[in-house]
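Enquirer: Need coordinates for the following:
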Amino acid sequence: MRLAHRVLWVLAGPQRRTMVAMAGQSVTAGQAIHKAMWGPFVDDVVSLPCTVKYAAFDAAAVAAGNFKTVAVVGTKASLEALCEDAGLPEVLQGYLKAMIPKLSAKPLKVASKATTVLGHATVEDMVVGLVTDEHSRVTAKHRPDQVRGFVHNSVPAKEGTLLIVALPEAGAADGWLGSVAKGHHLCSIKGAHDGFDPARPAPVPVHVWCPGTKFDERVFERAQVIGESIQLAARLVDTPTNYLNTVTYTAIAEGLAKRFGLKAVSYQGEEIQEQGMGLLFHVGRAAEYPASLVVLTAEGQATAEGAVVDENVCWVGKGIVYDTGGLAIKSKDGMCGMKHDMGGSAGVLGGFIAAARLGVRVKNLHCLLALADNAINDRAVRNDDVVRCMSGTTVQINNTDAEGRLVLSDAVAYAHKHLSPSLVVTMATLTGAQGIATGKHFAAVCANTDAIEGVTVAAGKQTGDQCYPVLFAPELLMHEFDCTCADMKNSVACRTNAQVSCAGLFIYKCGFAGKYTGEWAHIDMAYPVTMEDERASGWGPLLLENMLQGYQAAKQA
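Expert: Numbering: from 1, shown residues only. This next block holds a predicted model:
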């Protein structure tokens, strides 16, 4: 790579880190600059802070607590059942009984302020959230989205807050408790904060109650692991690119692998080109920091739930840390928010870390992060350029703003060539057309078998990371990429012909080159990745972990 006017960082695995420095600058000095600029931020992300702490409902702790805000969320039936719990402090019981009849049938009705004495503190706010039972055949039965909305709007992540979650049934635990974590955010660059708050308050205690159920402690340990991964994913999506570039992102992934004893391999810059990943290399070659492919691996172990399934599973995430559109440049308004374009990789990394910590029962679970900054300079890939995928497929670029499918194709080709997968799942903020096809609340899933499509949709209903199927019909759609001087173009000829499916099928055709016989699911979550206020939603980790559970169970059936 040319060195004039730039510093190029290369992180080549957790045991070896080097830097190609600007002329006249020593490697040691460059590494010191890296540590001073980003070290505290990277270390804080790897520590996996979380704003909530889950535990079984403890009436004595509630009664003796020093709480200024007490929030309670549940369905009408679960709130009424909670009122009858003999252990509930009398003052809370009284307020709940008075509030429940006043709650509207509309979701997330917040009761008025109340002042009373609980333990040794004055409770300044008593807030009750009602979760309705309104759902359709395609939405999550217990409406975890309403739980997330209640926490986001009404439960402050600060000292003196208590949240009581009254589950409608034990089966709602994953979706509801995951949604509690989705309601808070960690990214803070206000005032003196430099990517994180060093004086972060203690986590909000979340007391979980369910009628007729005494939970095993493992339920709360699981919720904590998943909650930390959800907030990891959301934090990465919220973080701007001058903090989360391809270098810091690689360092975070490798740091997490080291912390939890997982295998890590990574390739940067020219190493990617040398491996044959021409698509990923060309998308990232104009950027200040080089493209990176990070591969993390968790080995399977038998658990009480079952033996190891002799299958390799690969999760592949699009990690475009910023998307200008390349030379097919976006408008000033269209470019704002493009720090979110690595949301698929954040969901994959969060899901992988959660699954690895909770225990994997496939032979190997691999996490592949295809990281690049789609920037502009005299080295930027051009429309009409022809580049080659690791699979051997050649691609004529006819839209540099259709870069996500390019980097994913190389990562998928790497997985197919080196990791012998039985299942490949790609996750990406891939197309604006996803919002047209399945809206703001549902990701689109394009799958090559009914079985993996069903596993994905079922996991979405269970967790609240909802998905809806789109066409898998390569025989009808692949002509959209016909090209006279290369194997394919990278963007469709007709923009009204199932664009969401076409974008996914490009990855399937280009990455696998017709040689893959296993299962594949592509999840386009361009709109669900953020909430209404442009904050990250924490979408993905809980879905993937539940998908893995469903896949393992199906293979053992």
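Enquirer: just how off-centre is the host helix or strand of residue 462 within its chain?
Expert: Assigned by DSSP states H and E, residue 462 belongs to helix 450-463. Relative to its chain's centre, helix 450-463 lies at 17 Å (Cα atoms, centre = their mean, to the nearest Å).
Enquirer: hmm, who's touching that helix?
Expert: Here helix 450-463 makes contact (Cβ atoms under 8 Å, 6 or more residues apart in numbering) with 138-141, 144, 171, 174-175, 178, 423, 442-443, 445, 447, 465-469, 472, 519-521, 523, 542-544, 546-547, 549-551, 554. Just so you know, the C-beta spots here come from the backbone N, C-alpha and C atoms, and that holds for glycine as well.
Enquirer: Test my guess that residue 474 contacts residue 510.
Expert: No. Look at residue 474 against residue 510 with Cβ atoms under 8 Å: they stay out of range, at 11.6 Å.
Enquirer: Show me which of those two is the more surrounded one.
Expert: residue 510 (27 against 17; other Cβ atoms under 10 Å).
Enquirer: Name the residues of stretch 141-155 that are buried.
Expert: For stretch 141-155, burial by neighbour count (16 or more other Cβ atoms under 10 Å) applies to 141-152, 154-155.
Enquirer: which ones among those are found in helices?
Expert: 144, 145, 146, 147, 148, 149, 150, 151, 152, 154 (DSSP state H).
Enquirer: now the fifth one, nearest residue through space, not along the chain?
Expert: Think residue 148. With Cβ to Cβ, 6 or more residues apart in numbering as the criterion, residue 148 has its nearest non-adjacent residue at 3.9 Å, and that residue is residue 179.
Enquirer: what angle sits between whichever helix or strand the one you found is part of and helix 450-463?
Expert: For residue 179, the host element (DSSP H and E) is helix 173-182. Angle of helix 173-182 versus helix 450-463, following axes from the mean of the first three to the mean of the last three Cα atoms, to 10 degrees, is 60 degrees.
Enquirer: returning to what we had before: using PDB, write down the CA coordinates of the helix holding residue 462.
Expert: Once non-C-alpha atoms are left out, helix 450-463 reads as follows in PDB (Å, rounded to 0.1, in the frame of the first residue of the first chain):
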ATOM      1  CA  ASP A 450     -37.700 -24.000   4.800                       C
ATOM      2  CA  ALA A 451     -36.000 -25.400   7.900                       C
ATOM      3  CA  ILE A 452     -33.600 -22.600   8.500                       C
ATOM      4  CA  GLU A 453     -36.200 -20.000   7.500                       C
ATOM      5  CA  GLY A 454     -38.500 -21.500  10.100                       C
ATOM      6  CA  VAL A 455     -35.800 -21.500  12.800                       C
ATOM      7  CA  THR A 456     -35.100 -17.800  12.100                       C
ATOM      8  CA  VAL A 457     -38.700 -16.700  12.200                       C
ATOM      9  CA  ALA A 458     -39.400 -18.700  15.400                       C
ATOM     10  CA  ALA A 459     -36.400 -17.200  17.100                       C
ATOM     11  CA  GLY A 460     -37.600 -13.700  16.100                       C
ATOM     12  CA  LYS A 461     -41.000 -14.400  17.700                       C
ATOM     13  CA  GLN A 462     -39.500 -15.700  20.800                       C
ATOM     14  CA  THR A 463     -37.000 -12.800  21.300                       C
END
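Enquirer: what packs against the helix or strand that it is followed by?
Expert: Downstream of helix 450-463, the next assigned helix or strand under DSSP H and E is strand 467-469. When contacts are defined as 3 or more Cβ pairs under 8 Å, 6 or more residues apart in numbering; DSSP states H and E, strand 467-469 sits against strand 443-447, helix 450-463.
Enquirer: Just give me the neighbour total for residue 307.
Expert: Neighbour tally, residue 307, other Cβ under 10 Å: 12.
Enquirer: All further residue positions should be reported with the first residue as 591.
Expert: Right, with 591 as the first residue, what we last looked at is residue 897.
Enquirer: what's the neighbour count on the residue nearest to residue 989 when sequence neighbours are not counted?
Expert: Using Cβ to Cβ, 6+ apart and skipping the chain neighbours, the partner closest in space to residue 989 is residue 1081 (3.7 Å). Using other Cβ under 10 Å, residue 1081 has 22 neighbouring residues.
Enquirer: and residue 1081, that's in a strand?
Expert: No. Counting by DSSP: H, G, I helix; E, B strand; the rest coil, residue 1081 falls outside a strand, being coil.
Enquirer: separation between it and residue 1023?
Expert: 12 Å (Cβ to Cβ, to the nearest Å).
Enquirer: Over to residue 658?
Expert: From residue 658 to residue 1023 the distance is 46 Å (Cβ to Cβ).
Enquirer: Look at the two and report which has more neighbours.
Expert: Neighbour count, other Cβ under 10 Å: between residue 658 and residue 1023, residue 1023 has more, with 21 against 17.
Enquirer: Surely that one and residue 1093 touch.
Expert: Yes. Using Cβ under 8 Å, residue 1023 makes contact with residue 1093 at a distance of 7.4 Å.
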